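Chemist: prediction below, plus the sequence it came from.
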Amino acid sequence: MDVFTVAILTSFALFIGIGIVMSRRVKTKADYFVAGRNVGVLLIVGTLVASYLSTVALMGEAGFAYDGFPWAILLLGAVAQLGYLIGVLLFGRYLREARTLTIPEFFGERFQSNRLRALSGLMVLVGIGLYLVAVTRGISIVLESVTGISGFWAILVTWAAFSLFTILSGSKGVIVTDLIMFFIFMVGGALGFFFIISSSGGFTEVFTALASDPETREGLMWYGTISAEGAALKSPLETLIYVATFGIVWMFVIAVSPWQASRYMMAKSNHVAVRAGLIALIIVPIFYVLMLFAAYAVNLTNSDIEPSENVLIWASYNIMPTAVGVIVVTGIMAAGLSSASTFLSLVGFSAVHDVAPLFRRKTVPKNSDDHGVRNSRVAMLIVGAAALIVTALATPGVLEVGYMAAAFFAASWGLVAFASTQSTRVTERGAFYGMLAGGAAVLLLESLATFGGLALPTVLDPVLIGLAASALGLLIGSLTTQPSPATLAYASDLKARVEVRADTREIKTTNRYFVVSIVVVLALFGAVAALYIPGMIQTP
């Protein structure tokens, strides 16, 4: 048993141990679902970033960068990260003040609609179920590569690891393990990326080598290696459409998806939520710049890694010092476990809290804390088992399934979520039609493309059609009905609570976060431009 295997198994034991300890602190559904709504900035940042940087990023997107498209992912991310600012200001603060236990419950309360709550709850089950499959597959690939455990057994060990501590501790355990995982993959990633670069001479030398080689120079263009055989993108226009489309998709995901927006529901205050969102806005782009160009730089050492999703794992074994490689591999595993635990907890919460009430006899009281926690654990076990089976049978691509789940939430929830907090004209029918039309369009078209051989041009990507369908449903439904007095009263009261003036010192502190985040982001992209532009001009 090598040091990599020992490190991964030790991390599994650590997270399970934390789950056991934190499970003893769960007394109510609020503890289990939203960590008692008393979480500070650091923990919110940890869970925001950890639930976002899953194996979809550290394997799927890193592999896409290695294949010759680092700029496509970086530019996509530059658009997407705006979701942290837009999301917390226009949606996250309202979620927190609503004091509901789940986002589907918020939709139900906002529009006084059980059917909308149930529909959004079902979407959590479907959409996050898809993402859970992608992340489970990603973690199992790491486990296979490191330990030699293969096939179903790797998937089973993966499932058992994240399911046990999540089912035991709920949100209280998830945010603590998220913070630990956050530090592991941030420290490991930063060290690992610098060693990849330094192994080839340093930033300037690596850039010069990539720009001087005809086989790698095209990958430094904003449109990527479009001329390579079997390239995922075939032209600058296709790359541009890809960047714009999925930049908007991921902006919606960061802003309103259940695994991101629900984190703000745990915050001590709205100022804590805003500050956490701004810190995430700083951290994620820095991490992406290092990760994407380090992954592409691996081509200087080995340009034949298959599958490309394993690029950072290969580099951990073959480029980095053993100690650093161990931290990086453990960090990739931690990122996957973190996201999987978040997804599994959200699915269990919605299954019990939002969907099950439709099938419950109203004469039987089922709303006690003990009952809610117990049933959530059962629901997590069932959904996790379903994800286990699907992952074992379908062996899906990590990036493809992850992006499909992101497209599903962007199309179904994106416009409805913002309309629910920023407009009093939107009605229950409009929200229901918009959510249903957007989600159904993406699922139908993605299924036809995956299983029926349907080939759509890039300009007709399913998510674009889904967003259009959602907008149309939202518009038609709202124009054909009037908002009820109850929904107008709820919206007015919620807005008043969000806009209550805080202590002057709190406002000044939050404003400093705004200034620092703007300065850091501008400095980051300025530094990248300062290295990139002269280097590309000076090399043939």
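Modeler: Yes, it's here. Numbering: from 1, shown residues only.
Chemist: list the residues that contact residue 87.
Modeler: 254, 255, 256, 260, 261, 277 (CB atoms under 8 Å, 6 or more residues apart in numbering). C-beta here means a position set from N, CA and C on the backbone, and glycine is covered the same way.
Chemist: farthest pair in the residues you listed?
Modeler: Spatial extent of the contacts of residue 87 (CB to CB) is set by the pair 256 and 277 at 12.6 Å.
Chemist: ranges for the helices of the stretch 151-300 of the chain?
Modeler: 151-198, 203-212, 214-217, 236-256, 258-261, 270-297 (DSSP state H, counting those that start in this stretch).
Chemist: got JSON lines for the contacts of residue 87, with distance to residue 63 and neighbour count too?
Modeler: Below are the contacts of residue 87 laid out as JSON lines (distance: CB to CB, whole Å; neighbours: other CB atoms under 10 Å):
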{"residue": "254", "distance to residue 63": "21", "neighbour count": "29"}
{"residue": "255", "distance to residue 63": "26", "neighbour count": "27"}
{"residue": "256", "distance to residue 63": "27", "neighbour count": "29"}
{"residue": "260", "distance to residue 63": "23", "neighbour count": "27"}
{"residue": "261", "distance to residue 63": "28", "neighbour count": "27"}
{"residue": "277", "distance to residue 63": "28", "neighbour count": "30"}
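Chemist: can I get the residues you listed in JSON lines with distance to residue 136?
Modeler: Converted to JSON lines, those look like this (distance: CB to CB, whole Å):
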{"residue": "254", "distance to residue 136": "22"}
{"residue": "255", "distance to residue 136": "25"}
{"residue": "256", "distance to residue 136": "24"}
{"residue": "260", "distance to residue 136": "19"}
{"residue": "261", "distance to residue 136": "23"}
{"residue": "277", "distance to residue 136": "28"}
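Chemist: which of those residues sits closest to residue 68?
Modeler: Checking the contacts of residue 87 against residue 68 with CB to CB, the nearest one is residue 254 at 25.6 Å.
Chemist: got the contact list for that closest one?
Modeler: The contact partners of residue 254, by CB under 8 Å, 6+ apart, come to 52, 80, 81, 83, 84, 87, 260.
Chemist: for those, which one is nearest residue 286?
Modeler: Closest approach to residue 286 among the contacts of residue 254 (CB to CB): residue 81, at 10.5 Å.
Chemist: what about that closest one, how many residues nearby?
Modeler: Per other CB atoms under 10 Å, the neighbour tally for residue 81 reads 23.
Chemist: I'd assumed residue 283 was in contact with it.
Modeler: No. At 9.8 Å, residue 81 does not count as touching residue 283 under the criterion of CB atoms under 8 Å.
Chemist: count the residues that sit near residue 3.
Modeler: Residue 3: 12 neighbours (other CB under 10 Å).
Chemist: thinking it is in contact with residue 327, fair?
Modeler: No. The criterion here is CB under 8 Å, and residue 3 misses it with residue 327 at 10.9 Å.
Chemist: now render the helices of the stretch 151-300 of the chain as a markdown table, adding distance to residue 229 and mean pLDDT.
Modeler: Converted to a markdown table, the helices of the stretch 151-300 of the chain look like this (distance: least, CB to CB, whole Å; pLDDT from 0 to 100):
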| stretch | distance to residue 229 | mean pLDDT |
| --- | --- | --- |
| helix 151-198 | 25 | 81 |
| helix 203-212 | 19 | 85 |
| helix 214-217 | 12 | 88 |
| helix 236-256 | 16 | 90 |
| helix 258-261 | 36 | 89 |
| helix 270-297 | 18 | 92 |
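Chemist: which of those helices sits most buried?
Modeler: Ranked by mean neighbour count under mean count of other CB atoms under 10 Å, those are led by helix 258-261, which reaches a mean of 26.
Chemist: which other residues reach that helix?
Modeler: Outside helix 258-261, the residues that touch it by CB under 8 Å, 6+ apart are 48, 51-52, 83, 87, 91-92, 95, 102-103, 124, 128, 131, 253-255, 339, 342-343, 346, 350, 409, 417.
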